[in-house]
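Novice: I need the structure of the sequence given here:
(one chain, ligands or ions: 1)
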Amino acid sequence: MRASTDPLVRTAERYRAFAEVEARGMSACYEAWAAGVAADPATVALIDQLPAVKRQPNLVFSAARLHGAAAGEYPAFAAWLCEHWTDVAATCITHATQTNEPGRCAVLLPALAALAGPLALIEVGASAGLCLHPDRYSYRYRLADGSERKFDPSDGPSPVVLDCDVTGPVPLPERMPDIVWRAGIDLHPLDVSSEADVAWLDALIWPEHDDRRARLRAAVPVARQQPAPIVSGDLNEQIEALVARAPAGATVVVFHTAVLAYLNEADRNRFSEQMTRLPVRWLSNEGQSVVLGVLERLSEPPAEASAFILALDGEPIALTQPHGRSLHWLAPGD
Ligand SMILES: C[S@@+](CC[C@H](N)C(=O)[O-])C[C@H]1O[C@@H](n2cnc3c(N)ncnc32)[C@H](O)[C@@H]1O
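Specialist: Numbers count the residues shown, from 1 in each chain. Predicted structure coming up:
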């Protein structure tokens, strides 16, 4: 668990770690806010009124922005937070960090398109289900030689265009996968047709990430046209029953991105065991040490510590940027 999300770590330390490890280079605003909180006992005392699991910087900052905190310097934020603390605290209690990033479909698509179809897709940890529509988005893959490969849904270009830099021997798809059924599981599903839930997804995107915000706004109407059902519950408890509901004759693909880190080791191992036992293909896109045995199957650890590993049935096939901005396909022996 990261220091910023570990409830056993003191609040000032959690915010300092968030500033230095997670926000630096990703969000100047969140870096300044988190460093400011870490050095400000009055704001720490406010945040310490929350249960320890709810003190994480990403949750508090997202809740503040949902209620109108403007990106900017720390002193103005601290004054704003003090004034609006009751509302922010209430949102922290009722909400969780569950960013839904449709851009991750760009790193999933080549693997999905290479599987024998038709496909029945099941996403565990689906949030609002925006990654359950990979065949309804357009893609622009930029190759190492500077050229581009574009893919559109079968009925024409999508308002959502996902850009992804690719390297390595990636099997770029010739056509979209044939997805005949889709469903998700989430502990707290967000409803893509609810304005309040979409406002929360928007607030979860970090201030400077305007491309991600634009992508969310474009993907929501696409998902609303044919929303995928999302079962409420724990992935380990629900997966077997959901697999049994998939249509006969389809290849069932269970996938997850940025999810298993939320589980303890025993639950992760239980999930891996279910993926081995059930009649499914298993596509995981997670942090490097999250899925048991995947990192160990690489000949050497990835140079970039933040890279995710994309694995099919437990075998690593690619390294991916966590929000789907880039994909490095592994060559045999990598
Ligand atoms: C960071 S979000 C990622 C959402 C989506 N996979 C994506 O990549 O955009 C993680 C999601 O996993 C869900 N989650 C965490 N633990 C879970 C569990 N044990 N069972 C089901 N869902 C879970 C959370 O509620 C959250 O919606």
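
Novice: ok, now how distant is Leu59 from the ligand?
Specialist: Separation of Leu59 from the ligand (Cβ to the nearest ligand atom, to the nearest Å) stands at 12 Å. For every residue, glycine as well, the C-beta is placed using N, CA and C.

Novice: if you could redo that for Pro171, that was the one I meant.
Specialist: Relative to the ligand, Pro171 is positioned 22 Å away (Cβ to the nearest ligand atom).

Novice: hmm, that residue is touching Leu112, no?
Specialist: No - using Cβ atoms under 8 Å, Pro171 is not in contact with Leu112; the gap is 11.1 Å.

Novice: looking at those two, which is more packed in?
Specialist: Leu112 (24 against 11; other Cβ atoms under 10 Å).

Novice: quick check: the more buried one touching Pro177?
Specialist: Yes - the pair Leu112 and Pro177 qualifies as a contact (Cβ under 8 Å) at a distance of 4.5 Å.

Novice: let's test this: mean pLDDT of stretch 49-57, rounded?
Specialist: The average pLDDT within stretch 49-57 is 96.

Novice: report whether that stretch contacts the ligand.
Specialist: No - for a cut-off given as Cβ under 6 Å from any ligand atom, stretch 49-57 has no contacts with the ligand; the smallest distance is 12.4 Å.

Novice: between Leu112 and Pro177, which contacts overlap?
Specialist: Residues within reach of Leu112 and of Pro177 at once, by Cβ atoms under 8 Å, 6 or more residues apart in numbering, are 119, 134.

Novice: does Asp163 sit in a helix, a strand or a coil?
Specialist: strand (DSSP: H, G, I helix; E, B strand; the rest coil).

Novice: contact partners for it?
Specialist: Counted by Cβ under 8 Å, 6+ apart, Asp163 has contacts 106, 140, 142, 325.

Novice: list only buried entries from these.
Specialist: Among the contacts of Asp163, those classed as buried by 16 or more other Cβ atoms under 10 Å are 106, 325.

Novice: restrict the contacts of Asp163 to contacts with the ligand.
Specialist: When contact is defined as Cβ under 6 Å from any ligand atom, the contacts of Asp163 do not meet the ligand at all.

Novice: only the buried residues of the host helix or strand of Trp33, if you could.
Specialist: Element membership for Trp33, per DSSP states H and E: helix 28-38. Neighbour-count burial for helix 28-38, counted by 16+ other Cβ under 10 Å, picks out 29-38.

Novice: just put these in JSON lines and tack on pLDDT and distance to the ligand.
Specialist: Converted to JSON lines, these look like this (pLDDT from 0 to 100; distance: Cβ to the nearest ligand atom, whole Å):
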{"residue": "Cys29", "pLDDT": "98", "distance to the ligand": "20"}
{"residue": "Tyr30", "pLDDT": "98", "distance to the ligand": "16"}
{"residue": "Glu31", "pLDDT": "97", "distance to the ligand": "20"}
{"residue": "Ala32", "pLDDT": "98", "distance to the ligand": "24"}
{"residue": "Trp33", "pLDDT": "98", "distance to the ligand": "20"}
{"residue": "Ala34", "pLDDT": "98", "distance to the ligand": "19"}
{"residue": "Ala35", "pLDDT": "98", "distance to the ligand": "24"}
{"residue": "Gly36", "pLDDT": "98", "distance to the ligand": "25"}
{"residue": "Val37", "pLDDT": "98", "distance to the ligand": "22"}
{"residue": "Ala38", "pLDDT": "97", "distance to the ligand": "24"}
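
Novice: now tabulate those residues in a markdown table and tack on distance to Ala261.
Specialist: A markdown table is the format used below for the buried residues of helix 28-38 (distance: Cβ to Cβ, whole Å):
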| residue | distance to Ala261 |
| --- | --- |
| Cys29 | 24 |
| Tyr30 | 19 |
| Glu31 | 22 |
| Ala32 | 26 |
| Trp33 | 23 |
| Ala34 | 20 |
| Ala35 | 24 |
| Gly36 | 27 |
| Val37 | 23 |
| Ala38 | 23 |
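
Novice: and these, which two are the farthest apart?
Specialist: Across the buried residues of helix 28-38, no pair lies farther apart than Cys29 and Ala38, at 15.0 Å, counting by Cβ to Cβ.

Novice: nearest residue to Pro322 other than its sequence neighbours?
Specialist: In space, Pro322 comes closest to Phe308 once its chain neighbours are excluded; the distance is 5.3 Å by Cβ to Cβ, 6 or more residues apart in numbering.

Novice: tell me the contacts of whatever residue of the stretch 101-250 of the chain ends up closest to the ligand?
Specialist: Across the stretch 101-250 of the chain, no residue is closer to the ligand than Gly125, which sits at 2.9 Å (Cβ to the nearest ligand atom). Gly125 is in contact with 185-187, 235, 256-260, 262, counting by Cβ under 8 Å, 6+ apart.
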